[in-house]
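> Got a sequence here, can you model it:
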Amino acid sequence: MVLLIVVPIVVQNGITNFVNLLDNLMVGRMGTEEMSGVAIVNQLIFVFNLCIFGGFSGAGIFTAQYNGMDDAQGIRNTFRFKILLGIVMTAIALIVFLTAGNSLIKMYLNDSASSGSNERVLAYGNAYLRIMFVGLLPFAFVQAYSSTLRECGETLFPMIAGIVAVTVNLVFNWLLIFGHCGFPRMGVEGAAIATVLSRFVEMALVVCRTHTCRDRYPFARELYSTMKIPSELVRRIVKTGSPLLINEALWSAGMAFLTQCYSMRGLNAVAGFNIANTVINLFNVVLYSMGNTVGIIIGKLLGAGKQEEAVDTDRKLIAFSVMLCCGVSLLLMSVSSVFPAIYNTNDEAKSIAKSIIIVAAVFLPTEAFKNATYFTLRSGGRTWITFAFDSCFVWTVSVPIAFCLSRFTSLSVSALYICVSSGGMIKVFIGYYLVKKRVWLNNMVS
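Okay, the predicted model is just below:
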């Protein structure tokens, strides 16, 4: 049961992140400034992406439990909620990026010794961001459809659509960044066009599949006949989902702020972190896929009223996730010096990337435990607890550590990263206590 769910998610996320790595390598071949400009904008768009994920997660809890009850109308209503929320959140993101995008990029340019480089990074970042605007709404629609299909147990087709999309992204990156096969050489703008194009392709695939297979996906029947949602369900989703949306917004903003703290050590730190994060994300697919699997399986068991089976299954899933990530950790350490060497950047940036990768590998098993406990708490709708467990922790522990050490000490960027990661160990004990107390056992749709 676990493998049927987790393997397609791992494959999809693995291919996506592998192509992202190749994408990053292509941009990195142009130079440090181009790579840094794209990396900064992607960090900002990451906040939008996680807000979409968090906003849809509240409705997704109900979708998984409605699926356990075979309630197609309930799934239909939660899907409509996702679509409307996605449109609103995209509009807000566009306003923020259009009015403050330039200032947000400048926050990461703190190397006074490289003022000329900073100006070039800013120009590349703005050029990339202007095109990425177009892909925000398709991304929201893809997440609404794909997340609903996964919550209904359909993980194969979202994987296929994701593979096609990243293939399109990879091919057009090669064509447009470097100007092959008669296409113009567009650099970072070409990278942005390829990404936007891939999102439209993925959206077309998941939308067409969902609406042409209505026997397989009953919720797709008359899906857009109305956009009205029962007010009581809206109230319950908002009550449950608001902490998740706020959590993802604050958590992703916290991650962006941590990156800004690391950027205080100069442009090489920005480049090094970009390289390291791209590689780390490739290996983290197991961690995040197991988290999604925990949410899907435990949510379905809770919706079916099988609480004791949910407790037993959850314990095994958490242990399985940690064991898998121990193996991934060893593999990540073994390639820590391989990927940075491929990039067209200086030795200092490569050295920073290598050290960050090694530190991330050491902490990977504990990250797996924290991630699995987070999704356990979320599956039962205890979203205010997950809010305190996740984003509140980042802003009360991780951010103060990074802020103080980056401003008031001369510690290297690698030492800063170790200190922040070590502070996160407190969450292991908090997560264990909350799961052990069974505060997450809750059927929300009975």
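> From here on, just use CA atoms for contacts and neighbour counts.
Fine.
> Point out where the stretch 51-200 of the chain drops to low pLDDT.
The model of the stretch 51-200 of the chain has pLDDT under 70 over residues 111-116.
> name the helices or strands packed onto the helix or strand that Y262 is a member of?
Assigned by DSSP states H and E, Y262 falls within helix 231-262. The contact analysis (3 or more C-alpha pairs under 8 Å, 6 or more residues apart in numbering; DSSP states H and E) places helix 231-262 against helix 32-68, helix 267-283, helix 383-387, helix 399-408.
> distance of the most centrally placed residue in the chain from E33?
For the chain, L50 is the residue whose C-alpha lies nearest the centre (C-alpha atoms, centre = their mean; 5.8 Å). Noted for L50: a distance of 26 Å to E33, by C-alpha to C-alpha, to the nearest Å.
> T63 too?
44 Å.
> Counting neighbours, go ahead and name the busier of these two.
The neighbour comparison of T63 against E33 (other C-alpha atoms under 10 Å) goes to T63, with 31 against 25.
> okay, now the residue lying closest to the more buried one once chain neighbours are set aside: neighbour count?
The shortest distance from T63 to any non-neighbouring residue, by C-alpha to C-alpha, 6 or more residues apart in numbering, is to I75 (5.2 Å). The local packing of I75 (other C-alpha under 10 Å) involves 26 other residues.
> Could you look up the SS state of I75?
Look at I75: counting by DSSP: H, G, I helix; E, B strand; the rest coil, its state is helix.
> who's in contact with it?
Each residue near I75 by C-alpha atoms under 8 Å, 6 or more residues apart in numbering is listed here: F62, T63, Y66, N67, T148, F219.
> ditto for F178
P184, R185, M186, G187.
> For PyMOL, write the selection for the buried entries among these.
This is the PyMOL syntax for the buried subset of the contacts of F178, where burial follows 16 or more other C-alpha atoms under 10 Å:
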select buried, resi 186+187
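> So which of the contacts of F178 sit within helices?
Of the contacts of F178, none are assigned to helices by DSSP state H.
> rewinding a little: ok, now how distant is the residue nearest to T63 from I318?
Relative to I318, and taking C-alpha to C-alpha, I75 is found at 27 Å.
> again with F97
Taking C-alpha to C-alpha, one finds F97 at 38 Å from I318.
> the more surrounded of these two?
Between F97 and I318, I318 has the larger neighbour count (other C-alpha under 10 Å), namely 21 against 17.
> Disregarding flanking residues, what is the spatial nearest neighbour of that one?
That would be A372: by C-alpha to C-alpha, 6+ apart, it lies 5.7 Å from I318.
> which helices and strands does the helix or strand harbouring that neighbour pack with?
Using DSSP H and E, the element containing A372 is helix 347-379. The contact analysis (3+ C-alpha pairs under 8 Å, 6+ apart) places helix 347-379 against helix 267-283, helix 285-303, helix 307-334, helix 383-387, helix 413-423, helix 426-436.
> repeat that for 10 Å
Judged by 3 or more C-alpha pairs under 10 Å, 6 or more residues apart in numbering; DSSP states H and E, the packing partners of helix 347-379 are helix 32-68, helix 231-262, helix 267-283, helix 285-303, helix 307-334, helix 383-387, helix 413-423, helix 426-436.
> closest to N17 out of these?
Closest of these to N17 is helix 267-283, at 4.9 Å (criterion: C-alpha to C-alpha).
> Centre of the chain to that closest one, how far?
15 Å (C-alpha atoms, centre = their mean, to the nearest Å).
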